[in-house]
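Novice: model the structure of this input:
(one chain, ligands or ions: 5)
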Amino acid sequence: MRGCIAASILALSALALGTWAQSQTKGPQGVSINTVPNSYIVKFSEEPGSIDWEQAVGDFMADMQKVGVSSRITINFTEVIVAAAITFEDQYVDQVAMLPTAAGLFAVNQASLAPLASSSEPVEQPPLPMLAHTYTEVSRVHDELKLTGKGVKVAILDSGLDHKHPAFGNCFQTDGCRIQYAHDFIGDVSSGDSTNMTGPGNPLSTCNPHGTHVAGILAGNDGVFKGVAPDATLGIYRIIDCSGTTTTSAILQALEQAYKDGMDVISISAGTPSGWRFSPESTAVYNLRKKGKVVIAAAGNDGTENLWTVLSPAVSPGALAVASVDLPQYYSYYFNVTTADGGITQIERSGHQRELPPLDIVDAPLVGAQDAQGGADYACGPIADITEKNAIVLVQRGTCPYTTKASNVIAAGGAVMIVYSAVKEIVGGVSYDQNLNLPAFSTSYEGGQFLRQLVSPSSTGSATVNVDMTMHSFNASIPYQVSYFSSWGPSPESDVKPDVSAPGRAIYSSLPQEYGMYGLMDGTSMATPYLAGVAALLVQSKKFFKPTEVYSAIVNSARPILQTQDQYFSAAQQGAGLVQAYRAATTTLHFQVRALATGYTDYLAFGATGDEKGRKFEMTLPVSNRASGAVQLTLSFVPAISATAFNESGVLLPTTQYSTAAPKLTFSQDSLTVRGHSQKDVKVTLDLSDIPSSNFLVVSGYIHMRVGSDTSKVVASVPVLSSAFKASEIPVLPPKDSAYPCLISSDLTRCLTGDKVTYTMSGDSFPKVAFRIQFPAIRIRVRIGHAKTPDHVTASVTENSYLYNQRNMNSDNAYFYAYTWNGKAYRSLKVENTFDMGDGDYVLQFWFFSATGDVESTMWVTPPFTIKRDATTSSVNSDSTENPGDSTSDSEEHNGEDDD
Ligand SMILES: *[C@@H]1O[C@H](CO)[C@@H](O)[C@H](O)[C@H]1NC(C)=O
Ligand SMILES: *[C@@H]1O[C@H](CO)[C@@H](O)[C@H](O)[C@H]1NC(C)=O
Ligand SMILES: *[C@@H]1O[C@H](CO)[C@@H](O)[C@H](O)[C@H]1NC(C)=O
Ligand SMILES: *[C@@H]1O[C@H](CO)[C@@H](O)[C@H](O)[C@H]1NC(C)=O
Ligand SMILES: *[C@@H]1O[C@H](CO)[C@@H](O)[C@H](O)[C@H]1NC(C)=O
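Specialist: Numbering: from 1, shown residues only. Ligands and ions are numbered 1, 2, ... in the order given. Coordinates of the predicted model:
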């Protein structure tokens, strides 16, 4: 079998010689990721459940001995993936990856899912009914179909649960108790491997409130607050530690355990940013689906990072990847504003900081911030002194950090800060250095408009504020929209990802007692258990026999939502649209569509990659009717807004840009009759010829089906998505004038320009390269050449360390992959054939391969540098001075996966 190693990413602090690093650590709204040093998952080619796994492990260990790499197996995976967690020294990655007995080698990732704005009050909050159930038809499924998840086993892979919470009945494994399974795979502090896990038997973990919130959405029930599948049987698998960290090994172990425990549905609100379907997690999830399990996974919270950011395992063809939408109505805290005429208005507030005491604000005067310059109200510079005592100061969001605004409000004598949004959106919290000790919260666009006219210089009256500690429901300024934080697809291979959306913004659910019992959280983490709950309801109905039928019901009955008056949000952002549970549970139409790009037979939407020649794609849409009577369908196509991540020169943009350029889609017939219990194929032609490929647009839309002549009633919809360009046309590297790639200083802070650098290959004097990639790169190779012949390969340095690479995040240019060369090279895979390159003048060559199947690559060569070892430390193999020649194995471009 072929060897490979997937995107392994090291924290800068863990930077080891001969290995490499990427810092993707991001701010409060994202994921930070690094790899666990010397820890890998080796994948074998055996089918899960095969009795041959021991033989495979044995053969591999024998191979390891032959090449002389000492290693230790820490976990064997046998049920959902045949693989082993293994430790060996990072410097042998290439040798191990190329062993014929290793079908794949992947670094163990450690990722932190930092929570999005969550808002809990320091005072206990009461249970309230879930508002979302009205908009997702879950209420109808509960009331009319009487489905509640009873008898369905649902696994929640998260941070554990406060099962003593009233919404979970304070029970475990007793008769009639919903919580029947529990297993901890991570412990309070992730150790990177499994040493800190506590094993089976205890669901209770409250240090991180995430899991209790997630479980509440899925299956909480205290009579008033009711989750989506309140009677489901739960398995609580802890894979997220107190600080929010998860690891590849914990996820794989939990997936295996959930399978052994006979779970029907698996909900996973975590993942690692290795957005290719070949990762071990994605492979395991794909196998689970083949074994009849429904897997629902969070797309991720990188919506502001532009396209191609869906996490693994959500990116797996075995999972439904869930995006988040904002609903027309949501709960928030509020405050009362009493105007001079005695009228009281309830204004939304959000984002109280838990660390501060409750906001006991009574009759506080409201004043506006007046910047010294120009009367603006951003409070980014000094503001006019505030004479009122205990004043609440209104400040506009934007142009400078909250800490600056807060400092200026304090300096002017304000007691509390309200930040208003100048755009229509559901507002997030305000957070900043709590040592400033200035309570602050934010308010909506509407709230801001109302308050502004009260504090404007022309206003005559006065206003006072009273903060209330209870929840109130508010109407959103825009009824439906994809949440700003929801990660964009598509997958690197242009599969439609995310698959579908569920409510994930301002979701009110259970929290551990010490977090106030109930509170709000945002995230695709919240949308995921919502959808998993819907899947549990469908499984309970026993109308669906395979996971793909459940997926089809969910995806093809979802309701796409509009971004503009006549164009939908991109399918690369919302998938099929907002889940409609009643329609899904009652549908008799099913679709199984073959994805053009990857050839997966069981994809529910088209994915295609436009090539410059044809730009017309013929696809077959099989429509199957499970009802006994015939159905007459009318077909139409409604395009979604097109989106691009790049400008016309192929430079990654800071934010997604939109285009109204829309694909055309025609049918072999616009209407058809499908007899009862039969299937009919429709030929569909997707025409991209009007779409300029130079804009790098991802185009999409929805095939709508209506019954008979009733054109108002869409009964099913099929998302269609395509990239209108070839992946290889996108430059993998940023433009030439950008800082990267570069030789970088040993502390990774400065690109080295100017004079040729000399390295002694001891201490911290090793060549280091920093690079950024704009687009997912399936493989990056590193080779060495002599400075005089920089384009000529002398030997290999790293062939298999960089496979399935995530593109660099945008939000901070400081994020880059960092590579350190330890001076070693090789021409064959045996460890003893690794040698130190002799002293001399060299270049490192980086070869970037952008997409699956692409043989084209981009080469970047470092400036020449000198290796001159200290006489005392030098121990150089004479081999290095032999004639240059490229004897590196080129036989496999990458690890192919066996697709079905
Ligand atoms: C994994 O399986 C191999 C082969 O049977 C065995 O030698 C090894 O002890 C196992 N390791 C663990 C940690 O289970
Ligand atoms: C295991 O957890 C403890 C605290 O519970 C922590 O101090 C320790 O560092 C952890 N072990 C590792 C190897 O991280
Ligand atoms: C805010 O106003 C509402 C409606 O008038 C009232 O029920 C509530 O008690 C008030 N809260 C406070 C803290 O004044
Ligand atoms: C919210 O919307 C509903 C339905 O459109 C409407 O009946 C209600 O009055 C609105 N509430 C507020 C506070 O605007
Ligand atoms: C694309 O962006 C780069 C960097 O900002 C800029 O230099 C280039 O001119 C842009 N190209 C186009 C066609 O706008």
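Novice: just the mean pLDDT for the biggest helix by length in the chain, thanks.
Specialist: Among all segments of the chain classified by DSSP state H, the helix with the greatest residue count is helix 524-541. Averaged across helix 524-541, pLDDT comes to 97.
Novice: and for stretch 89-103?
Specialist: 86.
Novice: for the stretch 251-400 of the chain, which spans come out with low pLDDT?
Specialist: Counting by pLDDT under 70, the low-confidence segments of the stretch 251-400 of the chain come to 274, 351-356, 372-375.
Novice: so where do the strands sit in the stretch 201-350 of the chain?
Specialist: With DSSP state E, counting those that start in this stretch applied, the stretch 201-350 of the chain shows strands at 233-238, 245-247, 265-268, 294-298, 319-326, 329-339, 344-349, listed in chain order.
Novice: got a markdown table for the ones you listed, with mean neighbour count and distance to ligand 3 too?
Specialist: Bear in mind the C-beta positions are built from the backbone N, C-alpha and C, glycine included. A markdown table is the format used below for these (neighbours: other C-beta atoms under 10 Å; distance: least, C-beta to the nearest ligand atom, whole Å):
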| stretch | mean neighbour count | distance to ligand 3 |
| --- | --- | --- |
| strand 233-238 | 27 | 37 |
| strand 245-247 | 28 | 39 |
| strand 265-268 | 31 | 37 |
| strand 294-298 | 32 | 36 |
| strand 319-326 | 31 | 25 |
| strand 329-339 | 20 | 4 |
| strand 344-349 | 18 | 5 |
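Novice: for residue 481, find the nearest of those strands.
Specialist: Taking C-beta to C-beta as the criterion, strand 319-326 is the member of the strands of the stretch 201-350 of the chain that comes nearest to residue 481, at 5.1 Å.
Novice: other SSEs contacting the closest one?
Specialist: Contact analysis of strand 319-326 by 3 or more C-beta pairs under 8 Å, 6 or more residues apart in numbering; DSSP states H and E lists helix 280-290, strand 294-298, strand 481-482, strand 500-503, helix 524-541, helix 547-556, helix 571-574 as its packing neighbours.
Novice: could you rerun that using 10 Å?
Specialist: Strand 319-326 makes packing contacts with strand 265-268, helix 280-290, strand 294-298, strand 481-482, strand 500-503, helix 524-541, helix 547-556, helix 571-574 when contacts are defined by 3 or more C-beta pairs under 10 Å, 6 or more residues apart in numbering; DSSP states H and E.
Novice: for residue 680, give me its contacts.
Specialist: For residue 680, the contacting residues are 621, 622, 623, 624, 625, 631, 633, 669, 672, 673, 674, taking C-beta atoms under 10 Å, 6 or more residues apart in numbering as the criterion.
Novice: can you tell me how far it is from residue 624?
Specialist: For residue 680, the distance to residue 624 equals 8 Å [C-beta to C-beta, to the nearest Å].
Novice: between the two, what contacts are shared?
Specialist: A shared contact of residue 680 and residue 624, defined by C-beta under 10 Å, 6+ apart, is any residue touching both; here these are residue 674.
Novice: quick revisit: okay, the longest helix of the chain in PDB with CA atoms only?
Specialist: Output of helix 524-541 as PDB, limited to C-alpha atoms (Å, rounded to 0.1, in the frame of the first residue of the first chain):
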ATOM      1  CA  THR A 524     -22.300  25.200  14.800                       C
ATOM      2  CA  SER A 525     -21.700  23.200  18.100                       C
ATOM      3  CA  MET A 526     -25.300  24.100  18.900                       C
ATOM      4  CA  ALA A 527     -26.700  23.400  15.400                       C
ATOM      5  CA  THR A 528     -25.200  19.900  15.400                       C
ATOM      6  CA  PRO A 529     -27.100  18.400  18.400                       C
ATOM      7  CA  TYR A 530     -30.200  20.000  17.000                       C
ATOM      8  CA  LEU A 531     -29.800  18.200  13.700                       C
ATOM      9  CA  ALA A 532     -28.700  15.000  15.500                       C
ATOM     10  CA  GLY A 533     -32.000  15.200  17.500                       C
ATOM     11  CA  VAL A 534     -34.000  15.500  14.200                       C
ATOM     12  CA  ALA A 535     -32.100  12.400  12.900                       C
ATOM     13  CA  ALA A 536     -33.000  10.500  16.100                       C
ATOM     14  CA  LEU A 537     -36.700  11.400  15.400                       C
ATOM     15  CA  LEU A 538     -36.400  10.000  11.900                       C
ATOM     16  CA  VAL A 539     -34.700   6.900  13.100                       C
ATOM     17  CA  GLN A 540     -37.400   6.300  15.600                       C
ATOM     18  CA  SER A 541     -40.100   6.500  12.800                       C
END
